[in-house]
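[1] pasting the sequence and the predicted model now:
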Amino acid sequence: MRFTPTHPDGLREALWRAVAVYRVLALVFVAYLTAVNSAGYAHPPYAWLALAVMAAWTAATGWGYADPARRRWPLLGADLAVTAAVELSTLWVVGLDPLRHQLPTLAPAWIGGVVLAWAVAGGRRRGLAAAVVLGAVEGVVRGSAGQAAATGIILMLLAGLSTGHVARLAADVERRLREAAQREAAAAERERLARGIHDSVLQVLAMVARRGARLDGEAGELARLAGEQEAALRALIGAAPPEPAGGEADLRALLRPYAGRSISVAAPAAPVPLPEPVAAELARAVGAALANVARHGGPATRAWVLVEDEPAAVTVTVRDDGPGIVPGRLDEAAADGRLGVAQSILGRLADLGGTATIHSEPDEGTEVELRVPRTLRG
């Protein structure tokens, strides 16, 4: 059974929608409190002006946060500043004496919207930072009226921490869903390619190996090489792609299967650990270089693979004693659409952040140096 993950951005988007809904409901609650209590305020008309500002800002943030490209610190900072200013205006609009008689501030509950927005955007620390700022504002307002503000401050701190934690979990789940989708797509493409290779290349190699096994001389050697390439190709398309987990693989173990009568593999005695995906791609690049040796060098060509584990990088050198490469032939092949070297070797190393260097002269063999920096580890 194949697992098809849901859209990876759905979790974070659901949190942002929840923040927008919360702010609207909080605005309705503030409107109710204003209607009930404004007659007792020091400056009642300005309470309705403050409510209009809150309504406009609720609409503005609803529009602003709807686009991921706008969820950045200019909007988040403005959101925090506007919310703090509205709450501080309580001191003049409501007045100290009404506050001492337990009338609410101008924006109870509504001020929590910015804490939630900061937490969803930046996790626990940013959510906690916004809660601390608004907690200080609430402390100033309540403290000026001789009231305790501890309960409201604690609730905002808890909201920032808990919402930020949920946002971090959602981001982690989204990342895992994306990786699962990528692995599934890669597996499907691998299966498609494997079917095509099995129906064409593998059958031809198997036929050459089977019929040529009865022959001597160069034809027999060619049949043996065809058998080796068939086995290597079957192992390559049959192996599961490496999981992008944090595990490491010993590069030596991935290169040993290439060793044969005409291929020598020399590696350090100690393991050569690399992240599994990096080691697998590097080994495939080596396999592509050896495939070029077999394709262009002929049955008598020998190849040597040398692995060097250096402090700053891992270097694999593939050298052969074949006919070499005529200057300009690689460029001509790329221009003609034959991208074996460009994609299988150069492209793989570029994707890994490494380098691939090819040295060759006619009748002097070819040397391919593949270098992957150690900074890719872990």
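    The structure has been received and is ready for your questions.

[2] the chain: strands as residue ranges?
    Taking DSSP state E, the strands of the chain run over residues 248-250, 263-266, 273-275, 303-309, 313-320, 355-360, 366-373.

[3] list the neighbouring strands of the fifth one plus their orientation.
    So that's strand 313-320. Sheet pairing here is set by DSSP bridges, and for strand 313-320 it gives strand 303-309 (antiparallel), strand 366-373 (antiparallel).

[4] deepest-packed of those, please.
    Sort the strands paired with strand 313-320 by mean neighbour count, taking mean count of other C-beta atoms under 10 Å, and strand 366-373 sits at the top with a mean of 21. (C-beta placed from N, C-alpha, C; glycine too.)

[5] which residues touch that one?
    274, 278, 282, 285-286, 289, 292-293, 312-320, 322, 324-325, 345, 349, 352-360 (C-beta atoms under 8 Å, 6 or more residues apart in numbering).

[6] quick one on the thing from earlier: and the strands paired with strand 313-320: which comes nearest Glu221?
    strand 303-309 (14.4 Å; C-beta to C-beta).

[7] so for that closest one, what's the average pLDDT?
    The pLDDT scores in strand 303-309 average 94.

[8] with distance to Arg214 added, can I get the strands of the chain in CSV?
    Formatted as CSV, those follow (distance: least, C-beta to C-beta, whole Å):
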stretch, distance to Arg214
strand 248-250, 39
strand 263-266, 24
strand 273-275, 43
strand 303-309, 26
strand 313-320, 28
strand 355-360, 36
strand 366-373, 32
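
[9] so which of the ones you listed gets nearest Thr163?
    Of the strands of the chain, the one closest to Thr163 (C-beta to C-beta) turns out to be strand 273-275, at 33.5 Å.

[10] and Trp48, what is it in contact with?
    Taking C-beta under 8 Å, 6+ apart, one finds 34, 38 in contact with Trp48.

[11] state the distance from it to Val293.
    83 Å (C-beta to C-beta, to the nearest Å).

[12] what would the strands paired with strand 313-320 look like in CSV with distance to Pro104?
    Listed next are these as CSV, based on distance: least, C-beta to C-beta, whole Å:
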stretch, distance to Pro104
strand 303-309, 68
strand 366-373, 60
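
[13] Gly139 is nearest to which of the ones you listed?
    strand 366-373 (51.5 Å).

[14] what angle do the closest one and strand 355-360 make?
    For strand 366-373 against strand 355-360, the angle by axes from the mean of the first three to the mean of the last three C-alpha atoms, to 10 degrees is 170 degrees.

[15] Leu91 touches Glu138, doesn't it?
    No - contact between Leu91 and Glu138 fails when scored by C-beta atoms under 8 Å: they sit 11.7 Å apart.

[16] so which of these two has more stuff around it?
    Ranked by neighbour count (other C-beta atoms under 10 Å), Leu91 and Glu138 place Glu138 first, with 27 against 17.

[17] which parts of stretch 354-368 are buried?
    Neighbour-count burial for stretch 354-368, counted by 16 or more other C-beta atoms under 10 Å, picks out 354, 356, 358, 360, 365-368.

[18] tell me how many other residues surround the spatially closest residue to Ala259 that is not a sequence neighbour.
    Of all residues not flanking Ala259 in the chain, Val265 sits nearest, at 4.4 Å (C-beta to C-beta, 6 or more residues apart in numbering). Neighbourhood size, Val265 [other C-beta under 10 Å]: 20.

[19] ok, Ser162 next?
    14.

[20] re the thing from before, just so I know, which of the strands paired with strand 313-320 lies nearest Ser162?
    Across the strands paired with strand 313-320, Ser162 has its closest neighbour in strand 366-373 (40.6 Å, C-beta to C-beta).

[21] then the closest one to PDB, C-alphas only?
    Extracted in PDB, the C-alpha atoms of strand 366-373 (Å, rounded to 0.1, in the frame of the first residue of the first chain):
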ATOM      1  CA  THR A 366      41.300   9.100 -18.000                       C
ATOM      2  CA  GLU A 367      41.300  10.200 -14.400                       C
ATOM      3  CA  VAL A 368      38.000  11.400 -12.700                       C
ATOM      4  CA  GLU A 369      38.400  13.000  -9.300                       C
ATOM      5  CA  LEU A 370      35.300  13.300  -7.200                       C
ATOM      6  CA  ARG A 371      35.500  15.400  -4.100                       C
ATOM      7  CA  VAL A 372      32.900  15.900  -1.400                       C
ATOM      8  CA  PRO A 373      33.500  18.400   1.500                       C
END
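
[22] next, count neighbours for Ala350.
    For Ala350, using other C-beta under 10 Å, the count is 12.

[23] excluding chain neighbours, what is closest to it?
    Ala356 (7.7 Å).

[24] what helices or strands is the top helix by length along the chain leaning on?
    Taking DSSP state H as the criterion, the chain has its longest helix at helix 150-197. When contacts are defined as 3 or more C-beta pairs under 8 Å, 6 or more residues apart in numbering; DSSP states H and E, helix 150-197 sits against helix 10-37, helix 112-144, helix 217-238.

[25] for Arg214, the count of nearby residues, please.
    9.

[26] please apply the same query to Ala52.
    Ala52 has 10 nearby residues by other C-beta under 10 Å.

[27] quickly note the distance from it to Val30.
    Ala52 sits 11 Å away from Val30, going by C-beta to C-beta.

[28] what does His101 give?
    19 Å.
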